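Chemist: what's the 3D shape of this:
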Amino acid sequence: MRRIVSRIDPGSAGYRENATAYGALIDELRTRQQWVIDGGPDRARSIERHIARGKVMVRDRIDMVLDADSPFLELSTLSGWGQYDDSAPGAGIVTGVGLVHGAPWMFIANDATVKGGSLLPMSIKKHVRAQEIAEHHRLGVIYLVDSGGAFLPLQDELFPDKDHFGGSFFRQARMSAQGLPQLAVVLGGCTAGGAYVPALCDEVIMVEGIGRIFLGGPPIVKAALGEIVDPDDLGGADLHTRISGVSDHLAATEAEAYGKLREICETTAQRPITARQSWVDWADPEPPAYGADELYGIVSADDRMPFDGVEVIARLVDGSRFAAFKPEWGTSIVCGFARLWGHRVGIIANNGIIFSDAALKATHFIELCEQRRIPLVFLQNTSGYMVGRDSEIAGIAKHGAKMVAAVANATVPKYTVLIGGSYGAGNYGMCGRGFDPRFLFAWPNARIATMSARTAETVLVDIRLGGLRADETTDEEVEALRAEVHEQYATQSDPYYATSRLWDDGLLDPVHTRDVLGLCLALAARQDEPAPGPGIVYRM
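Modeler: Have a look, this model is predicted:
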């Protein structure tokens, strides 16, 4: 493959302006991520109580289980951001993938310093998403349980529906039946529905003095039976390990529990990450020829100005080598083959709006990757498919539909990164959340909505004004309406609004994109090759 020759001039005024603007975005991202970890002043007292009980903080717990040199891909760190009066950093739960004895495991860990570990609607959504990823990748799941159960004031938003609390139990039982280990360490309360998390696991460790499991806690027992009982006598570690048999192992301390957990992990049949034995074509990796930090200067400070997808690819792939597909045709989409951390991939990147020829080119390329069993990486930066009479004459609706159908039917692993705009049906054709990519991440400059705030101003205001009498509408009322629509779309397309609601699997600093995608590809490579799809041809 030929090495991409970059046209970026790091000394230019435009590059420096972009880099300065992006630096501010990165500072904001890091500040907000740190706030989730630290919890802010309102959470300080809860953290003090947690530590005073001899407990370990949630991310330190995960570190104590992981291999010493293991990376940890934390997912959806900013879930819940701006919701629940900002009282639930990370939605009170930490999820992510790390290595234990060289094999990847999914971790689902309650943060008891956030509302006592009670589960909010976004907590359940984050829990279920982690289980989905685990099932897709044949990962065992480790539950570090320290939870007060469902947050009862919001019970109608987390109890009865398909992907609510019961859905997490359904997935847990199904994964266990598939031979995917489900292991739990009980480090605090497991009340009511929360009791089923460890009870459904294959093996359970309880920590003496802090771990408790009961379907009804002391207040419920008192209300229902008039019985007054001590929490440990009702559901403590000693009772459940020595008498009831709900727990399989008793640990005196958290450290002892994690040692036992690692011992159990070693007895399972979880596959280690060994790229050379995978179904994905693999070669020794080499770093890109250009520095990842140059991405800051490539992304336009003005989101109305496009930037070249090839320049982004040059800073992600091995040796900056890229075999472009149809480089002279349909240039609003870039397609081609490369290696990323040694794994062969097919990359599709937007150069702005998607025209009919670009849609056909992408469709053809997706089918080649499906035929050749090559994973797909989508780099989204588009305002959507082209509109207008000329585009309709050119068949944009049918050609866009072919691209959407090809993405939907591709069975090879798919990964999506929102590197800019993700608007309209372009989100679908470029493998948005609704098209089930293995992972979907976003950069902090990303925007996702049916249309941009500027476009919405014109479209929605014109529609609303069409239902009003022009002679009775003042200029002030029109401007107020325009400002209202702009504010709604600007707020709802913000990347923090999206990641808070788990429309992605987390916001990435662009310089980490290559490493994160490399880990994601390694997870797929350790699996058996996915069965090919129906082989339908859409490109003609």
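
Chemist: where along the stretch 251-400 of the chain do the strands fall?
Modeler: 323-324, 333-340, 343-350, 376-382 (DSSP state E, counting those that start in this stretch).

Chemist: closest one to residue 158 among these?
Modeler: Comparison of the strands of the stretch 251-400 of the chain against residue 158 by C-beta to C-beta identifies strand 376-382 as nearest, at 30.5 Å. All C-beta spots, glycine's among them, are computed from the backbone N, C-alpha and C.

Chemist: how many neighbours does residue 269 have?
Modeler: When neighbours are counted by other C-beta atoms under 10 Å, residue 269 registers 9.

Chemist: Just want the phi and psi numbers for it.
Modeler: phi -100, psi 30 (degrees, to the nearest 10).

Chemist: Find the nearest non-adjacent residue to it, please.
Modeler: Sequence neighbours aside, residue 179 is the residue nearest to residue 269 in space, at 7.2 Å (criterion: C-beta to C-beta, 6 or more residues apart in numbering).

Chemist: What about that neighbour, how many residues nearby?
Modeler: What residue 179 shows, counting by other C-beta under 10 Å, is a neighbour count of 12.

Chemist: Residue 202 now?
Modeler: Using other C-beta under 10 Å: residue 202 sits among 17 other residues.

Chemist: Please confirm that residue 5 is located within a helix.
Modeler: No: assigned with DSSP: H, G, I helix; E, B strand; the rest coil, residue 5 falls outside any helix and is coil.

Chemist: helix or strand for the residue nearest to residue 269, which one?
Modeler: For residue 179, there is no host helix or strand (DSSP states H and E).

Chemist: Can you name the residues in contact with whatever helix or strand residue 170 lives in?
Modeler: Assigned by DSSP H and E, residue 170 belongs to helix 165-177. Helix 165-177 has contacts (C-beta atoms under 8 Å, 6 or more residues apart in numbering) with 119, 124, 127-128, 131-132, 134-135, 141, 150, 158-161, 182, 193, 196-197, 200-202.

Chemist: how far is stretch 382-400 from where the chain is centred?
Modeler: Distance, stretch centre to chain centre, for stretch 382-400: 30 Å (C-alpha atoms, centre = their mean, to the nearest Å).

Chemist: rewinding a little: starting at the chain centroid, how far to the following helix or strand past the helix holding residue 170?
Modeler: Note on helix 165-177: by DSSP H and E, the next helix or strand toward the C-terminus is strand 182-191. Relative to the chain's own centre, strand 182-191 is displaced by 24 Å; criterion: C-alpha atoms, centre = their mean.

Chemist: And the helix or strand bottoming out on mean pLDDT in the chain, what's buried?
Modeler: Scoring the helices and strands of the chain by mean pLDDT, DSSP states H and E places helix 453-466 at the bottom, with a mean of 78. Within helix 453-466, the residues that qualify as buried by neighbour count (16 or more other C-beta atoms under 10 Å) are 453, 455, 456, 457, 460, 461.

Chemist: need the contact list for the second one.
Modeler: Yep, that's residue 455 we're talking about. Residue 455 is in contact with residue 383, counting by C-beta under 8 Å, 6+ apart.

Chemist: repeat for the third one
Modeler: Contacts of residue 456 were listed using C-beta under 8 Å, 6+ apart, and they are 449, 450, 485, 486, 488, 489.

Chemist: do you know how far it is from residue 359?
Modeler: Distance, residue 456 to residue 359, using C-beta to C-beta, to the nearest Å: 24 Å.

Chemist: what's the answer for the fourth one, then?
Modeler: Distance of residue 457 to residue 359, computed by C-beta to C-beta: 27 Å.

Chemist: ditto for the fifth one
Modeler: According to C-beta to C-beta, residue 460 and residue 359 sit 26 Å apart.

Chemist: Pull up the distance across stretch 213-228, start to finish.
Modeler: Criterion C-alpha to C-alpha, to the nearest Å; first-to-last residue distance in stretch 213-228 is 17 Å.

Chemist: how about it: buried residues?
Modeler: Buried, per 16+ other C-beta under 10 Å, within stretch 213-228: 213, 214, 215, 216, 217, 218, 221.

Chemist: Make JSON lines from these and add distance to residue 103 to it.
Modeler: Putting these into JSON lines (distance: C-beta to C-beta, whole Å) gives the following:
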{"residue": "213", "distance to residue 103": "27"}
{"residue": "214", "distance to residue 103": "33"}
{"residue": "215", "distance to residue 103": "33"}
{"residue": "216", "distance to residue 103": "37"}
{"residue": "217", "distance to residue 103": "36"}
{"residue": "218", "distance to residue 103": "39"}
{"residue": "221", "distance to residue 103": "41"}
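
Chemist: In strands, which of those appear?
Modeler: Judged by DSSP state E, those include 213, 214 as members of strands.

Chemist: between the buried residues of stretch 213-228, which is closest to residue 481?
Modeler: Of all these, residue 217 has the smallest distance to residue 481: 51.7 Å, by C-beta to C-beta.

Chemist: Count the residues that sit near the residue nearest to that closest one when sequence neighbours are not counted.
Modeler: Leaving aside its sequence neighbours, residue 217 sits nearest to residue 191 (C-beta to C-beta, 6+ apart; 4.9 Å). Residue 191 is flanked by 25 other residues according to other C-beta under 10 Å.

Chemist: residues contacting residue 191?
Modeler: Going by C-beta under 8 Å, 6+ apart, residue 191 touches 147, 148, 149, 212, 214, 215, 216, 217.

Chemist: ok, the last one - contacts?
Modeler: To tie it back to what came earlier, the one meant is residue 217. By C-beta under 8 Å, 6+ apart, the contact set of residue 217 is 189, 191, 192, 231, 234, 235.

Chemist: any idea how far residue 189 is from it?
Modeler: Note on residue 217: its distance to residue 189, by C-beta to C-beta, is 7 Å.

Chemist: same deal with the fifth one?
Modeler: According to C-beta to C-beta, residue 214 stands 8 Å off from residue 189.

Chemist: With the second one instead?
Modeler: Relative to residue 189, residue 148 is positioned 5 Å away (C-beta to C-beta).

Chemist: So between these two, which is more surrounded?
Modeler: Legend: neighbour count by other C-beta under 10 Å for residue 148 and residue 189, higher for residue 189 (26 against 21).

Chemist: pretty sure that one is touching residue 149, no?
Modeler: Yes: in this structure residue 189 lies within contact range of residue 149 using C-beta atoms under 8 Å: 7.4 Å.

Chemist: What's the mean pLDDT across stretch 267-279?
Modeler: For stretch 267-279, mean pLDDT is 80.

Chemist: Check stretch 487-501 too.
Modeler: Mean pLDDT, stretch 487-501: 94.

Chemist: just to revisit the earlier point, shared neighbours of residue 148 and residue 189, anything?
Modeler: Contact criterion C-beta under 8 Å, 6+ apart; residues shared by residue 148 and residue 189: 116, 117.

Chemist: May I have the secondary structure class of residue 94?
Modeler: State at residue 94, reduced to three classes by three-state DSSP: strand.

Chemist: Who are the contact partners of it?
Modeler: Taking C-beta under 8 Å, 6+ apart, we find residue 94 in contact with 58, 59, 62, 74, 107, 108, 109, 111.

Chemist: Much appreciated, bye for now.
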